[in-house]
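Engineer: next one to model:
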Amino acid sequence: MPAEEDRTGVRHPVFARLYPRISHLVDEAGISERRGRLLAGLTGSVVEVGAGHGPNFGLYPPEVSRVVAVEPEATLRERAREAAAGAALAVEVLPGLAERLPVADRGADAVIFCWVLCSVRDVGAALAEARRVLRPHGELRFLEHVRAPTTGMARFQDVLDATVWPRLLGGCHTGRDTEAAIRRAGFTVSRLERFVFPRVRTPMSFHIIGVAAPQ
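Structural biologist: Numbering: from 1, shown residues only. Purely as a prediction, here's the structure:
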């Protein structure tokens with residue numbers, strides 16, 4: 001493995017093998033439609049942070065000229081490269097962390113977070129990087145599971161996040177208030193929708209999808 005591949009320090013081999021299967025199941029259950037809405041209307045150069053195994057690559061509109069897909073986990077990154085080879089548009093898959101994107105200042109028309117901000121080590125730093133790489137009038141697009149609106153479920157999320165959940169699920173946290181983090185990072189949220197998926201409520205059921213722009 002080339003030296004550059006080892007710099008992220010992110011290794012979740014069991015989760016990396018399971019995640020594509022989990023992703024396929026939730027897509028069949030309806031999340032693929034949300035992915036399509038997340039990416040609809042994009043143009044130009046896009047940075048997808050935490051691209052996983054590349055499930056979004058086939059959903060980008062033809063007006064997107066290039067996607068830089070950043071994925072820190074080696075197993076998922078290799079799967080993403082396989083997906084990129086069959087994509088209809090140019091996709092470059094790179095190793096890297098959300099907190100240190102391998103992208104030049106103002107190098108992107110849009111930055112995508114899709115089920116990523118739950119698992120990054122430093123949410124504020126990741127969002128600051130998104131601001132750095134966005135061009136003027138660029139967009140932050142996000143689809144994330146977030147903190148529950150009810151006290152009981154939120155407390156349950158806190159217990160999971162402080163114990164077993166991040167260890168089992170590749171660093172994932174169930175109860176982050178991602179909307180608040182986006183606003184604190186200096187973004188103006190222009191579109192936001194909250195939804196519950198699946199309908200049977202679990203700590204992972206509470207989601208937001210939206211668009212924001214740097215102030």
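
Engineer: list the buried residues in the biggest helix by length in the chain.
Structural biologist: Ranked by number of residues, the top helix in the chain under DSSP state H is helix 13-26. Judged by neighbour count using 16 or more other CB atoms under 10 Å, the buried positions of helix 13-26 are F15, A16, Y19, P20, S23, V26. For every residue, glycine as well, the C-beta is placed using N, CA and C.

Engineer: farthest pair in those?
Structural biologist: Among the buried residues of helix 13-26, the pair separated by the greatest distance (CB to CB) is A16 and V26, at 16.5 Å.

Engineer: thinking again about what came up before, report the mean confidence score over the longest helix of the chain.
Structural biologist: Average pLDDT, helix 13-26: 85.

Engineer: and that helix, how far from the chain's centre?
Structural biologist: Offset of helix 13-26 from its chain centre (CA atoms, centre = their mean, to the nearest Å): 15 Å.

Engineer: chain center to stretch 44-57: distance?
Structural biologist: Mean-position distance between stretch 44-57 and its chain equals 8 Å (CA atoms, centre = their mean).

Engineer: quote the end-to-end distance of that stretch.
Structural biologist: Using CA to CA, to the nearest Å, the gap from the first to the last residue of stretch 44-57 comes to 15 Å.

Engineer: now that stretch: buried residues?
Structural biologist: 45-57.

Engineer: export those to CSV and tack on pLDDT and secondary structure?
Structural biologist: Below are the buried residues of stretch 44-57 laid out as CSV (pLDDT from 0 to 100; DSSP: H, G, I helix; E, B strand; the rest coil):
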residue, pLDDT, secondary structure
S45, 98, strand
V46, 98, strand
V47, 98, strand
E48, 98, strand
V49, 98, strand
G50, 97, coil
A51, 97, coil
G52, 95, coil
H53, 96, coil
G54, 97, coil
P55, 97, coil
N56, 98, coil
F57, 98, helix
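
Engineer: okay then, goodbye and thanks.
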